[in-house]
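Student: give the three-dimensional model of this entry:
(2 chains)
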Amino acid sequence: MRILSAILSIFINPQFYKIALTAATPLIFASLGGVFSEITGVVNIALEGIILMGAFTSVVFTYFTGNVWIGVLMAIVSGILLALLHAWGSIKWAGNQVVLGTAIILLSQGLTGFLMEPIFGQPGQTNFVGKIDEITIPGLVDVPFIGQIIGEISPFVYIAFGCVFFGWWLIYKTKLGLRMRSVGENPEAADTLGVNVHAIRYFGVIMSGVFASLAGAYLSVGEIGQFKELMSGGRGFIGLAAMIIGKWNPIGAMFASLFFGIFGAFSNQLQSLQEITVASNVKSLFDTIPFILTIIVVAGFVGKSRPPAADGVPYEK
Amino acid sequence: MKKIIESIAVPVISVVIALLISALIILAIGKNPIEAYGKLIHGAFGSQQAIIDTLIKTTPLILTGLAVGFGFRAGVFNIGAEGQMAMGALMAAVFASNFGGLPPAVAIPLTMLIGMLAGAGWAAIAGFLKAKTGAHEVVTTIMLNWTTTYIASFVITGPLATGSGTPKSPEISTSAQLPILMRVGAMELSAGIIISIVAAIFMYVFLSKTTTGYEIKAVGFNPYAAEYGGISVAKNIVLAMAISGALAGLAGVTELMGVHHRFLGELSGGKGFDGISIALIGQNNPIGIIFAALLIGALRTGSNEMQFMGVSKYIVIIVQAIVIFLVAADRIVKAIYARKKVKA
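Tutor: Residues are numbered from 1 along each chain as shown, chains lettered A, B, ... in the order given. A predicted model of the protein is given here:
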């Protein structure tokens, strides 16, 4: 009973939901990036690297210009460049997309690690360079409970949800979206109907770079105001997991990301409870759950999730 | 002969291009790339100690390279060598720190076997799911990698934790430690290097001289034709993943028994991922893989000396990234190669 009420106390605390939302935000960006690339038929495991590079670039430009938003903008540019590289190797040269993705992850780890000392004079992590403040929504902030969750929160959380609905609208409600899906399912047929398969795929991959770099910018200037080596910490892969569980649909991926966010927040809060003591290493066990869940889902044991038919297959005329 | 030269040409040209691009990056931060590469080579091969260090670093890389390369030959992309390596080391550590009474002649092979079985079993999950449900092994092995990372961090800070400071397991019993071949200063070269070369020979013989090896290759080459020819695709996929995982597990075991003598959590530190680069550079050929592993091992070892002149060791990660990008999109290299030929 004591344990139950302790656990319940987590769930009635609005702070818990705020933590869950902010934990889910980078995952939402990453999974949306995965959706955009894979829906057009290009597997993109490079997300992890693009996130890392986005986090680094935004800190670098914030450091030099003093303007956090220029940092974010340049992070997006870095994301587009890395995505272009992935697209170029995958689409133009028909390379193995998983290997190319691995190469881009390594490239990001290498470049960020290499440039730390020349730019900041120290390896490991940078000093605080500035961060994007939480925004207060007038009116909403005074609403009990809800106001404590989303009344005063990082603007990135709102941007993330905005991107999800934009992505859903683009993919399912526009001509471009129809072309994206057709190129991912049956490129030959799309080509016959006059769709430029390669151009659409470039678009999908570049958009995935935009979203993944936003995840990175959020982690650094959006949350803590500094860059730490390897700070992407697997979020690109959890994003892919969310994409799979969300069945390659932006809304589904968003819910999966939220679920992972709530889960992460829960295992964190569990340790701060006074009523029961939970050893700190138990968090590690909780952290395995998104990955095990993804295995169960791809294996089709619960809610079969199927990738686009031409996912990962280069298209050549 | 022409075929051999062509298969070597792509990785060699890729390495050269990667070194050239990285030289430009070194120039960009105002350092001398020739001096940096000189230090790199000296750091990897310049002294007896350096050579031994390079060989120590090469040992697990040969094995993870073989693991991934074997998978490629069998038509499966095992991106999970990282996790299988850690799982192998973890299980072997649990075994070898509890059964100290055994003589080395029993303890060493038994510990190796446990580690290989753990790696094989962990990889076979992905093989089984691919064969039974069609779940793609790239996705499942990535997920198994992260699962292992967290299991390892749980075990190393909980049930297996010992002492204070960095998380570590208790030392494995001396009877389960690999014999030392050579000792220079603090560097100890264990018999692990021999194990890794034997594994390479095993892969060669198995794939080219045995029926099972032939079947596994046939399934990798064309599963439909293989099935038509009476070869069980499902059985061979599971088997291929298991053997690949056993090789990765063995990499973890040689690190445990020959280098650290303890399980250190995320022991592999990217060596499983390096296996992908190495298999690609070595063109999935056991001999090629040995040389590719030596290349990566030498880059890693030599980069420490390069750091002293203010060139971060991360440059070798950039080199590695460019190499595998070019090997994966090998038509880029072939296009350059073809143009050169026309000119000549």
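Student: after the lowest-mean-pLDDT helix or strand in chain A, which helix or strand is next?
Tutor: In chain A, no helix or strand scores lower on mean pLDDT, DSSP states H and E than helix A:2-11, which sits at a mean of 82. Under the assignment DSSP states H and E, the closest C-terminal helix or strand after helix A:2-11 is helix A:14-39.
Student: elements contacting that following helix?
Tutor: helix A:47-65, strand A:152-153, helix A:155-173, helix A:175-185, helix A:197-217, helix A:235-245, helix A:250-271 (3 or more C-beta pairs under 8 Å, 6 or more residues apart in numbering or on different chains; DSSP states H and E). Heads up, the C-betas are built off the backbone N, CA and C, glycines and all.
Student: quote the end-to-end distance of stretch B:39-52.
Tutor: 17 Å (C-alpha to C-alpha, to the nearest Å).
Student: which bits of the stretch 51-200 of chain B sit near chain A?
Tutor: For the stretch 51-200 of chain B, the residues in contact with chain A (C-beta under 8 Å from any C-beta of the partner chain) are B:77, B:79, B:125, B:129, B:132-136, B:138-140, B:142-144, B:146-147, B:149-151, B:153-154, B:157-158.
Student: now which of those would you call buried?
Tutor: The neighbour-count test (16 or more other C-beta atoms under 10 Å in any protein chain shown) marks B:77, B:79, B:125, B:129, B:135-136, B:138-140, B:142-144, B:146-147, B:149-151, B:153-154, B:157 as buried among those.
Student: who in the stretch 51-200 of chain A is up against chain B?
Tutor: The stretch 51-200 of chain A comes close to chain B at residues A:85, A:89-90, A:93-96, A:98-100, A:102-104, A:106-107, A:109-114, A:116-118, A:123, as judged by C-beta under 8 Å from any C-beta.
Student: which ones among these map onto strands?
Tutor: Secondary structure of those is defined by DSSP state E; no position falls in strands.
Student: any quick ChimeraX command for the buried ones out of the residues you listed?
Tutor: Those of these that count as buried under 16+ other C-beta under 10 Å are selected in ChimeraX with:
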select /A:85,89,90,93,94,95,96,98,99,100,102,103,104,106,107,109,110,111,112,113,114,116,117
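Student: give me the number of residues near residue 30?
Tutor: With no chain named, the answer covers chain A. 32 (other C-beta atoms under 10 Å in any protein chain shown).
Student: chain B was what I was after
Tutor: Counted with other C-beta under 10 Å, B:Gly30 comes out at 8.
Student: what secondary structure does it sit in?
Tutor: coil (DSSP: H, G, I helix; E, B strand; the rest coil).
Student: quick check on it: phi, psi?
Tutor: Note on B:Gly30: backbone dihedrals following degrees, to the nearest 10 are phi 80, psi 20.
Student: tell me the pLDDT at it?
Tutor: The per-residue pLDDT reported for B:Gly30 equals 91.
Student: again, but for B:Ser7
Tutor: 80.
Student: please name the nearest non-neighbouring residue to it.
Tutor: Distances taken as C-beta to C-beta, 6 or more residues apart in numbering or on different chains place B:Gln283 nearest to B:Ser7, at 5.1 Å, with adjacent residues excluded.
Student: with B:Met85 instead?
Tutor: Here the nearest residue to B:Met85 in space, its sequence neighbours aside, is B:Gly252; by C-beta to C-beta, 6+ apart that works out to 4.0 Å.
Student: now B:Gly119
Tutor: B:Gly119 sits nearest to B:Gly249 (C-beta to C-beta, 6+ apart), 2.0 Å away.
Student: which of the helices or strands spans that neighbour?
Tutor: Here B:Gly249 is assigned to helix B:233-255, by DSSP H and E.
Student: give me the helices and strands touching that helix, please.
Tutor: Counting contacts by 3+ C-beta pairs under 8 Å, 6+ apart, helix B:233-255 is packed against helix B:48-73, helix B:81-96, helix B:104-133, helix B:192-209, helix B:211-221, helix B:223-228, helix B:271-281.
Student: coming back round to it: which of the residues of the stretch 51-200 of chain A next to chain B fall in helices?
Tutor: Residues of these located in helices (DSSP state H): A:85, A:98-100, A:102-104, A:106-107, A:109-114, A:116-118.
Student: what's the distance between the closest residue to A:Gly204 other than its chain neighbours and A:Arg201?
Tutor: What sits nearest to A:Gly204 in space, not counting adjacent residues and going by C-beta to C-beta, 6+ apart, is A:Thr40, at 3.3 Å. Remark: distance between A:Thr40 and A:Arg201 (C-beta to C-beta, to the nearest Å) = 5 Å.
Student: for residue 54, which residues are in contact?
Tutor: No chain in the question, so chain A it is. Taking C-beta atoms under 8 Å, 6 or more residues apart in numbering or on different chains as the criterion, A:Gly54 is in contact with A:75-76, A:78-79, A:212-217, A:220.
Student: correction: the question concerned chain B.
Tutor: B:Thr54 neighbours (C-beta under 8 Å, 6+ apart): B:44-45, B:294, B:297-298, B:301-302.
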